[in-house]
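Chemist: build me a structure from this.
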Amino acid sequence: MEYQRTKDILQVMRLLGHKSIQNTLVYTQMVQFKKEEYTSATATTIEDAQKLVEAGFEYVTELSGVKLFRKRK
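Modeler: Numbering: from 1, shown residues only. Predicted coordinates for the structure are as follows:
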């Protein structure tokens with residue numbers, strides 16, 4: 001579950017206490033990644049951005065003065 005969440009095999013290796021990455025690979029091969037789906041939103045003011053962050057959105061980038069946010073569905 002940690003590998004599916006982070007996609008960081010070295011973190012999973014440390015978490016499980018494995019000395020060899022080969023042992024960790026046995027477990028991570030069972031992970032089936034799903035297509036990630038997001039809800040997107042935009043903010044043009046600091047107040048809008050604050051509301052989106054408080055609602056669980058994460059900042060992605062800014063284009064033409066508009067900040068783009070996303071949140072997993």
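Chemist: phi, psi for the closest residue to Phe57 other than its chain neighbours please.
Modeler: Closest residue to Phe57 apart from its sequence neighbours, by CB to CB, 6 or more residues apart in numbering: Phe69 at 3.8 Å. In short, each C-beta sits where N, CA and C put it, glycine included. In terms of degrees, to the nearest 10, the main-chain angles of Phe69 are phi -130, psi 160.
Chemist: what's the answer for Ala49, then?
Modeler: phi -60, psi -40.
Chemist: quick check: domain ranges of this structure?
Modeler: 1-34, 38-72 (automatic domain parsing).
Chemist: now mean neighbour count and mean pLDDT too, for those domains, in a markdown table please.
Modeler: Converted to a markdown table, the domains of the chain look like this (neighbours: other CB atoms under 10 Å; pLDDT from 0 to 100):
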| stretch | mean neighbour count | mean pLDDT |
| --- | --- | --- |
| domain 1-34 | 12 | 81 |
| domain 38-72 | 13 | 94 |
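Chemist: most distant residue from the centre of the protein?
Modeler: Largest separation from the mean C-alpha position in the chain: Lys19, at 26.4 Å (CA atoms, centre = their mean).
Chemist: quick check on it: phi, psi?
Modeler: The phi/psi pair for Lys19 (degrees, to the nearest 10) is phi -90, psi -20.
Chemist: do the same with Arg5
Modeler: Main-chain torsions, Arg5, degrees, to the nearest 10: phi -70, psi -40.
Chemist: how close does it get to Ile21?
Modeler: Per CB to CB, to the nearest Å, Arg5 is found 19 Å from Ile21.
Chemist: what do you get for Leu15?
Modeler: 13 Å.
Chemist: need the helices for this protein, in chain order.
Modeler: 2-6, 9-16, 21-28, 46-54 (DSSP state H).
Chemist: centre of the chain to the shortest one, how far?
Modeler: With CA atoms, centre = their mean, to the nearest Å as the basis, the distance from the averaged C-alpha position of helix 2-6 to the chain average is 9 Å.
Chemist: put the alpha carbons of that helix into PDB.
Modeler: In PDB, the C-alpha atoms belonging to helix 2-6 read as follows (Å, rounded to 0.1, in the frame of the first residue of the first chain):
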ATOM      1  CA  GLU A   2       2.900   2.400   0.800                       C
ATOM      2  CA  TYR A   3       4.400   1.700  -2.600                       C
ATOM      3  CA  GLN A   4       1.100   2.400  -4.400                       C
ATOM      4  CA  ARG A   5       0.800   5.600  -2.500                       C
ATOM      5  CA  THR A   6       4.300   6.900  -2.800                       C
END
